[in-house]
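[1] Here is a sequence with its predicted model. Questions after.
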Amino acid sequence: MALKLTPEKNPGMLYEVWNFFQDLEHQKKSQGSYNHKKLIAAIKKNNALFDNDEHHDAHEFVTWLLDQMHEQVPKEEGRSFVKDLFAGKIQSTFTCLCCESFSKRSEDFYNLSLDLEKNTSLNYCIERFSCKELLNRSNKLHCDTCLSKQVGTKEI
């Protein structure tokens with residue numbers, strides 16, 4: 001879907017990011033720096049959290065930016081290119097170890113918080129992220145069959 005954006009019809013970060021890439025594509029120099037002040041000003045205007053000169057978390061910024069763009073993009077049949085490119089679906093299965101009942105929950109995500117270790121592969125980190133987890137202390141599972149908190153497992 002080709003986007004034709006204008007600041008009047010599409011105010012906000014979607015237009016600003018689109019404009020940023022248009023400027024980069026059409027700049028005359030093939031190398032060198034780009035004046036990013038217009039994009040930074042738009043970010044500060046659209047989110048008070050970033051309206052200062054402090055250091056900010058990149059993960060938090062990208063999550064906010066993708067959410068903003070997804071909300072502002074014209075949608076075809078409820079879909080947007082932002083969701084098509086960046087979103088995934090994660091399914092968690094919870095099992096009660098007392099009665100062996102289970103439930104499943106699906107969630108959309110734009111990013112995963114993986115624990116990264118030195119000298120490990122991305123595949124290894126994803127496998128660790130999705131390992132079965134024992135819920136046995138303060139994070140016990142509330143079982144709808146037992147009607148109480150029980151020891152259980154969570155698997156992604």
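    Everything's here; your move.
[2] going forward, measure contacts between C-alpha atoms and count neighbours the same way
    Will do.
[3] The least confident helix or strand in the chain by mean pLDDT packs against which elements?
    Within the chain, no helix or strand scores below helix 13-26, which has a mean of 85 by mean pLDDT, DSSP states H and E. For helix 13-26, the elements it packs on are helix 37-46, helix 58-72, judged by 3 or more Cα pairs under 8 Å, 6 or more residues apart in numbering; DSSP states H and E.
[4] Can you name the residues in contact with the first one?
    When you say that, I think you mean helix 37-46. With Cα atoms under 8 Å, 6 or more residues apart in numbering as the test, helix 37-46 has contacts from 12-13, 16-17, 20, 50-52.
[5] and residue 44, how many neighbours?
    If you count neighbours by other Cα atoms under 10 Å, residue 44 ends up with 14.
[6] now swap in residue 41 and tell me
    Residue 41: 13 surrounding residues under other Cα under 10 Å.
[7] Next one: it from residue 113, what distance?
    In this view, residue 41 and residue 113 are 28 Å apart by Cα to Cα, to the nearest Å.
[8] One more: residue 155?
    16 Å.
[9] same thing with residue 79?
    Counting by Cα to Cα, the gap from residue 79 to residue 113 is 24 Å.
[10] of these two, who's got more company?
    More neighbours surround residue 79 than the other of residue 79 and residue 113, with 12 against 9 (other Cα under 10 Å).
[11] need the strands for this structure, in chain order.
    88-96, 102-109, 133-135, 141-143, 148-150, 152-155 (DSSP state E).
[12] Dump the second one to PDB, restricted to CA.
    So the one you mean is strand 102-109. Output in PDB follows, covering the C-alpha atoms of strand 102-109 (Å, rounded to 0.1, in the frame of the first residue of the first chain):
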ATOM      1  CA  PHE A 102      -5.000 -25.900  31.500                       C
ATOM      2  CA  SER A 103      -5.800 -22.600  29.800                       C
ATOM      3  CA  LYS A 104      -4.300 -20.800  26.900                       C
ATOM      4  CA  ARG A 105      -3.900 -17.000  26.300                       C
ATOM      5  CA  SER A 106      -2.800 -15.300  23.100                       C
ATOM      6  CA  GLU A 107      -1.200 -11.800  23.000                       C
ATOM      7  CA  ASP A 108       0.100  -9.600  20.200                       C
ATOM      8  CA  PHE A 109       3.600  -8.300  20.700                       C
END
